[in-house]
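> Sequence below, structure please.
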Amino acid sequence: MAVIRPFRALRPSNSRAAEVAALPYDVVNTEEARKLAESKPLSFLHVSRPEIDLPDGTDIYSDAVYRKAVENFQQLIKAAPLENEAAPSLYLYSLVMGDHEQVGVVACCSVDEYDRNLIRKHERTRPDKEDDRTRHMIMLRAQTGPVFLTYHQRKEIDDIVAHEVNADPLFDVTAEDGIRHTIWRAKQTDELAKSFSRVPMLYIADGHHRAASASRARAELKNQSFAHTGNEDYNYFLAVIFPDSQLQILAYNRVVKDLNGLTKEEFLKALCAQFSVRKDAEPAPAHRGQWRMYLDGRWYGLELSAQATLPVGTVSSLDVSILQDRLLDPILGIKDVRTDKRIDFVGGLRGTRELEHLVNEGKAAVAFSMFPTTVEELLRVSDAGEIMPPKSTWFEPKLRDGFLMHQI
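Residues are numbered from 1 along each chain as shown. Next up is the predicted model:
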């Protein structure tokens, strides 16, 4: 049973929503955030990435950064202004990117269900990132960016959502990247909540660190409470919940800075122990079980050779796992993609031209173009209780921070 709860959103006015809303903190680095927020005093990046308002080189995990987040949040509440809705509500959030549209329900979800694995995960989190968002939530006493959840599509929910989006929206914003964000306040809140109570399982698509941090923040705030009831706002976390049929996963490509001491000829020869290698291939794979490699100005097509042992298992049979286990680790010496500074990742809309650029400019020695992980693979791994390799999925379009916030 999926528990979803209406909440009194803290939100900007319709006229200021476009100025406040910003890309999620975890898809931009400090330099990118500073550039995006330049001359935009209401941008939510001043709250989610407050180091942009401190001197260059400031440790992003320093006390000064969290104090600045609180200061900027309070200033934004006054300047925007941000105001609480009069009554708890659920919301609908539509994202449109080109011909792709997805509509999700904005709600608060149960931390208890997350802790009991009724909200399933597929990614391992990093302690330093958990520490960061936990402290950010507790200092602000707010969850300022939603977790991206999914579920197996249900017609009864589709029908309610289709009816709700015929009303006038709270926000209708087309961002600078051309993605349209539209948000409605739901009128059939009780019906939506009842429909979700018949959903057997929710899954985290993106936002594992936000969810883990909400759990940790709840534990800390519960310990500070003199009369914990289980009904406090900190027992729930902000989420947008989309049906699995509407999700769009793009390729998450890899670039490696060097050939691990091998010459080009030695490297290509080493590949042949596991892969069949074809010259002058198209840049993007056509289906699962294919990889494309850009090396020395040429695209190569890779497939497992007839002599290679086929992988067995939910995770080991993923394309990202095969590339890691058969090539990146044994040939290029990339043992841990989380920590190895010789590998980098190119996700989303940047595409294969960015891979060519990085190699041609000498910033990488070789690049790998991937076929996107599918939603079905993600759900299968989650149901098996297994963990996907890092950087397996890149969801587009991205939700925006700052439209709706949940105070805890």
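> what sits opposite the closest residue to M405 other than its chain neighbours in the beta ladder?
Nearest non-adjacent residue to M405, counting by C-beta to C-beta, 6 or more residues apart in numbering: L10, 4.2 Å away. For glycine as for every other residue, the C-beta is placed from the backbone atoms N, C-alpha and C. Here L10 sits in beta bridges with N84, M405, as judged by DSSP bridges.
> For L10, list the residues it contacts.
I77, L82, E83, N84, E85, A142, L404, M405, H406, Q407 (C-beta atoms under 8 Å, 6 or more residues apart in numbering).
> Any idea how many residues pack against the second one?
I take that to be L82. Residues near L82, counting by other C-beta atoms under 10 Å, number 22.
> and the gap between it and V315?
Noted for L82: a distance of 42 Å to V315, by C-beta to C-beta, to the nearest Å.
> same thing with the third one?
As defined by C-beta to C-beta, E83 lies at a distance of 45 Å from V315.
> okay, these two: which has more neighbours?
V315 (18 against 12).
> Are we agreed that that one is in a strand?
No. Judged by DSSP: H, G, I helix; E, B strand; the rest coil, V315 forms no part of a strand; its state is coil.
> For the residue lying closest to it once chain neighbours are set aside, give me the pLDDT.
Nearest non-adjacent residue to V315, counting by C-beta to C-beta, 6+ apart: E386, 4.9 Å away. Per-residue confidence at E386 stands at 94 (pLDDT).
> all helices of the stretch 101-250 of the chain, in order?
111-115, 127-140, 155-164, 189-196, 208-224 (DSSP state H, counting those that start in this stretch).
> so what's the closest residue to A384 other than its chain neighbours up against?
Closest residue in space to A384, ignoring its immediate chain neighbours: T314 at 4.7 Å, by C-beta to C-beta, 6+ apart. T314 makes contact with R380, V381, A384, E386, according to C-beta under 8 Å, 6+ apart.
> Give the buried subset of these as a ChimeraX selection command.
ChimeraX command restricting the contacts of T314 to the buried ones, with burial defined by 16 or more other C-beta atoms under 10 Å:
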select :380,381
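> picking that back up, list the contacts of the residue nearest to V315.
E386 touches H122, T314, V315, counting by C-beta under 8 Å, 6+ apart.
> Reformat the residues you listed as a markdown table; add pLDDT and distance to G297.
As requested, the contacts of E386 are exported to a markdown table (pLDDT from 0 to 100; distance: C-beta to C-beta, whole Å):
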| residue | pLDDT | distance to G297 |
| --- | --- | --- |
| H122 | 95 | 36 |
| T314 | 90 | 37 |
| V315 | 94 | 34 |
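> Which one of those is nearest to T373?
Nearest to T373 among these, counting by C-beta to C-beta, is H122 at 9.8 Å.
> Please tell me how far that closest one sits from S382.
5 Å.
> Now list whatever residues contact both of those two.
Common neighbours of H122 and S382 (C-beta under 8 Å, 6+ apart) are Y203, I204.
> could you dump the helices of the stretch 101-250 of the chain to TSV with mean neighbour count and mean pLDDT?
Output for the helices of the stretch 101-250 of the chain, formatted as TSV (neighbours: other C-beta atoms under 10 Å; pLDDT from 0 to 100):
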stretch	mean neighbour count	mean pLDDT
helix 111-115	18	97
helix 127-140	18	96
helix 155-164	16	98
helix 189-196	18	96
helix 208-224	19	97
